[in-house]
Structure formats: structure tokens, C-alpha cells
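A.B. asks: Got a predicted structure here, sequence first:
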Amino acid sequence: MSTPLKTKIQVPRSRDLEVNGVKYNRSGASRSNFEMLAWLFMRLSGIVLVVLVFGHLFVNLMVGEGVHAIDFGFVGGKWANPFWQVWDLVMLWLAMLHGTNGVRTIIDDYAERNVTRFWLKVLLFLASGFVILLGTLVIFTFDPCPAGADPELLASFCHTV
Amino acid sequence: MSTAVTENENQDVQQESSSEAIPTYDVTLKVRRYDPEFSEDAHWDEWQLTMYGTDRVLDALHKVKWELDGSLSFRRSCAHGVCGSDAMRINGRNRLACKTLLKDLDLDKPIMVEPIKGLPCEKDLIVDMEPFFQSYREIMPFLVNDDHEPTYERYQSQEDRERFDDTTKCILCAACTSSCPIFWTDGQYFGPAAIVNAHRFIFDSRDQAGDMRLEILNDKEGVWRCRTTFNCTEACPRGIQVTKAIAEVKKAVFASAL
């Protein structure tokens, strides 16, 4: 944003909140620790995510047959194990909240109008809420061989069980 | 340049050699002009000047104002880096015009001088500093102490004084705050200068309102909006470690909130 230009000289305005789009007083102070906790969360979740994400990449891409082992069965097998269910769940939540908070601060920093800021945040929170809920649902309810399903649609290993 | 020469012969020699010692060069000065009485748009004006090697950007502005175009407007008071009036954007960086030597700039290109960003421009290089001082006032930049007034001064150990020595250097020139990209957005962020001046009292052992200042800076627009881009530290003409001071206030806010 370039320096806003003032087109006419104003009267003394120590009490004015906004003159020609320039805010002279800070909008109402919020007495809460939210910003501090958000700041702290970014640092802590960042550290945990480094471990989770690189552990995830290592197990999926390098252990055993490596990247060639990944298929429907591989993912189904992982989610049959509670350890990987918890790993993926924590990774999903931390990554989504970390990313959402990051984008929230970017919106705060770059959106100049309050209305733009509000709607961008609504869109952001809806989108990340949807992904978090859907991801959580899938991790907990995933069943590679649902009972009573059409055999044609099932994965090949389901028939051998 | 020596002036303590008494003999005439020596003086002549001295003058000759000193006039040789100071090189002159031609510089192009471009200034962002804005005058609401004539036009609502800002434009660039350009001047060719012959300046000396000892000159500063402020001297170039003086030369224009005093000899070429008296309508050029800018603030300056002491002209020696103490009052903090002449902060401006010189070649895209916030500097005091009185502390920026021309010889340190790339003179092959025009010297670009603009008003500091993020504060409303009144005319040419003069900006409205009111939003800046508003956030300065909000952090209560004065000593608060409810104890009985001592007969003489309030004693303080050298170590306690050293704790906030760096942030006492601030001259409120607004170079840091107006170099901060977060402040540019909507001017609601307290800004580095206000936090530096809060730091000066928060870590002063004689002051008793540190917790109140920490609460003020624990605001949505307070220290947590700092993204540690270090623009403020780079811009500070007094060499204050601004980003470090902000980080120390962050730690203090955190410690007091827990």
C-alpha cells in the first residue's frame, strides 16, 4: 500500500476514529490471550509436525519396498493399526490448524478492508473445518472390505480373507 | 579540513589542498511531490545538483529548497541526527536525511526520496505523525511509581540501568514503524517504536506499571503481530536492536500471562 494521500486539511482529530480511511485510534482493545496462545501454538505444533511429517514420509517412501508399495491396500493396512490412526490424526489436526492459523495471519496482514478480511476468514474457517472433519471421519471409519458390499467393487485382497 | 593554521602562506596551501580534497560530483535528486492545493496525485520532481563529498541528502534537499524550488516541503530541526524530524524513504530505505551521506549512495542512479510509508502524507515529505504518536501515548511512556518521592534521585544499579539502555536511545523518528510491512496494512499495529518505548519502562527497575504495559501490548494489535522481518532494526538510525527488544517484550508478556 502506498502512502495514503490526504486531500484536505482536517481539524484537530485526537478523538476521531477514522478520517479519509486513516484510523487514528486503535480499534477496541481485546483483553484475551488468544493471540499469544496462537503464537505459541505455531511454534510448538511446528516442532511436532517436523517429526510427524518426516516420519510419515520415511515410512511411506523409504521403508521396505518404498514408494512402489503404496496402494489402496498399503493405506488400508496402515489404518488397521491404532498407532498409525493416531499418528495420522495428530498430523491432520496439527497441520490443518497450523496452516489455518498461518493463513489467518496472512489475511490479517494483507487484507486492508475489514469486510474483505471477514469474508476471507469465513471462507478459510469453513474450508479447514470441512477438511478436518472429513479427514477425522475417514481415519476412524475406514473399512477396506465393508461387509455386504458388491464383490465386484472390493479390493482383490478382500476375497482372500 | 584544518583551520588552525596561522601563517598566510600555509593557509593558502591548506585551502588549495582542502578544496582538492573534497570532491564534487553531479547528482540527480528525485523527490516524490504531493501538494493537495494543486493536485490530488503525487508526482516525481527531478533536479541536477553539484554536491560535495561531505554533503548529506539533507544538504541536497536544502540546496533545492534554498536555491531552486522554495515550495519543496520537508521536516528537519537539528539536522544532526538528534531530533528525529527528517526520517524519509531514501532509495527505498527509511533513513534520516541528515545522517545519510551522498557518497554512501549509488550516485550513478538518481537518489529517490519519498515520504515514509504507512502514515498519511500532508505535503511532499511531510506526513501526519498523529497515528504514530497515538500508539506511543497508549503504552504510557512515562515513569509510574507510587512510592514516596525520595529526597534525591531514585537509585538504580548499573546492571539495572544497563537492562534497558538500548531502548533509551529512541528519538521517535518513526523510521522503524513506517518500515514495518504489518504497520503499512492498516496502521492498527502498535508498531516497533511504541514497543521499544514500552520496553524502556517495562525493564526499568524503578517503574511499577510494567504489568499494565504488558497487558496493553498483549493486544490483538500488540507484540504478537510482529513477524520478525527485521525491517525496523535495519531502519533504526540509532542502531537500536528493535526486533530483539520486541522479542524480549514477547517473552515478558508470556511470562506474566502464565
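C.D. replies: Good, I have the coordinates. These numbers come from a predicted model, not from an experiment.
A.B. asks: Okay, now the unreliable bits of the chain?
C.D. replies: As the question left the chain open, I've gone with chain A. Applying pLDDT under 70 to chain A picks out residues A:1-31, A:159-161.
A.B. asks: That was the other one, I meant chain B.
C.D. replies: B:1-20.
A.B. asks: Show me the strands in the chain, by range?
C.D. replies: I went with chain A, as the question did not name one. Ranges of strands in chain A, per DSSP state E, are A:18-19, A:22-23.
A.B. asks: you looked at the wrong chain, it should be chain B
C.D. replies: Going by DSSP E, chain B shows strands at B:24-33, B:43-52, B:87-90, B:93-96, B:111-114, B:121-123, B:126-127.
A.B. asks: Any idea which of those strands gets closest to chain A?
C.D. replies: Chain A lies closest, by CB to the nearest CB, to one member of the strands of chain B: strand B:121-123, at 4.8 Å. Glycine gets a C-beta too; all of them are placed from N, C-alpha and C.
A.B. asks: gap between that closest one and the chain center?
C.D. replies: 18 Å (CA atoms, centre = their mean, to the nearest Å).
A.B. asks: Isn't B:Pro36 up against B:Lys123?
C.D. replies: Yes: assessed by CB atoms under 8 Å, B:Pro36 is found in contact with B:Lys123 at 7.0 Å.
A.B. asks: Spit out the contact partners of B:Lys103.
C.D. replies: Taking CB atoms under 8 Å, 6 or more residues apart in numbering or on different chains as the contact definition, B:Lys103 lies against B:Gly53.
A.B. asks: tell me the contacts of B:Ala194?
C.D. replies: Contacts of B:Ala194 (CB under 8 Å, 6+ apart): B:135-136, B:138-139, B:177.
A.B. asks: got those as a markdown table, with neighbour count columns?
C.D. replies: Below are the contacts of B:Ala194 laid out as a markdown table (neighbours: other CB atoms under 10 Å in any protein chain shown):
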| residue | neighbour count |
| --- | --- |
| B:Ser135 | 25 |
| B:Tyr136 | 22 |
| B:Glu138 | 20 |
| B:Ile139 | 26 |
| B:Thr177 | 35 |
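A.B. asks: among the residues you listed, which are in reach of chain A?
C.D. replies: With CB under 8 Å from any CB of the partner chain as the criterion, the contacts of B:Ala194 include B:135, B:138 near chain A.
A.B. asks: Residue numbers of the stretch 101-250 of chain B in contact with chain A?
C.D. replies: Residues of the stretch 101-250 of chain B lying near chain A (CB under 8 Å from any CB): B:114-122, B:127-128, B:130-131, B:134-135, B:138, B:181-182, B:184-188, B:190, B:215-216, B:218-222, B:224-225, B:227, B:250.
A.B. asks: mind running it again at 7 Å?
C.D. replies: B:115, B:117-122, B:127-128, B:130-131, B:134-135, B:138, B:182, B:184-188, B:218-221, B:224 (CB under 7 Å from any CB of the partner chain).
A.B. asks: Just give me the neighbour total for A:Leu89.
C.D. replies: 14 (other CB atoms under 10 Å in any protein chain shown).
A.B. asks: Against B:Cys83, how distant is it?
C.D. replies: 59 Å (CB to CB, to the nearest Å).
A.B. asks: dump the residue contacts of B:Asp166.
C.D. replies: Neighbour list for B:Asp166: B:240-241, B:245 [criterion: CB atoms under 7 Å, 6 or more residues apart in numbering or on different chains].
A.B. asks: Identify the residue nearest whichever residue of chain A sits closest to chain B in space, chain neighbours excluded?
C.D. replies: Taking CB to the nearest CB, chain B has its nearest neighbour within chain A at A:Glu35, 3.9 Å off. Closest residue to A:Glu35 apart from its sequence neighbours, by CB to CB, 6 or more residues apart in numbering or on different chains: B:Trp224 at 3.9 Å.
A.B. asks: Go ahead and confirm that neighbour touches A:Trp39.
C.D. replies: Yes: with contact defined as CB atoms under 7 Å, B:Trp224 counts as touching A:Trp39 (4.8 Å).
A.B. asks: Name the residue in those two with the higher neighbour count.
C.D. replies: Higher neighbour count among B:Trp224 and A:Trp39: B:Trp224, with 23 against 19, using other CB under 10 Å.
A.B. asks: Check the gap between that one and A:Lys78 for me.
C.D. replies: 38 Å.
A.B. asks: Give me the distance between the residue positioned nearest the centre of chain A and A:Leu124.
C.D. replies: Relative to the mean C-alpha position of chain A, the nearest C-alpha, by CA atoms, centre = their mean, is the one of A:Met96, at 2.1 Å. For A:Met96, the distance to A:Leu124 equals 11 Å [CB to CB].
A.B. asks: Report the buried members of the residues of the stretch 101-250 of chain B next to chain A.
C.D. replies: Buried members of those, counted by 16 or more other CB atoms under 10 Å in any protein chain shown: B:115, B:117-122, B:127-128, B:130-131, B:134-135, B:138, B:182, B:184-188, B:218-221, B:224.
A.B. asks: Identify the residues contacting the one residue in chain B that gets nearest to chain A.
C.D. replies: Closest to chain A within chain B is B:Trp224: 3.9 Å, counting by CB to the nearest CB. Counting by CB under 7 Å, 6+ apart, B:Trp224 touches A:35-36, A:39.
A.B. asks: and what of B:His43?
C.D. replies: Counting by CB under 7 Å, 6+ apart, B:His43 touches B:Arg33.
A.B. asks: Quick check, the residue nearest to the centre of chain A in contact with A:Ala127.
C.D. replies: No: assessed by CB under 7 Å, A:Met96 is found out of contact with A:Ala127, at 9.7 Å.
A.B. asks: Give me the most central residue, chain B.
C.D. replies: Nearest residue to the geometric centre of chain B (CA atoms, centre = their mean): B:Cys173, 3.5 Å.
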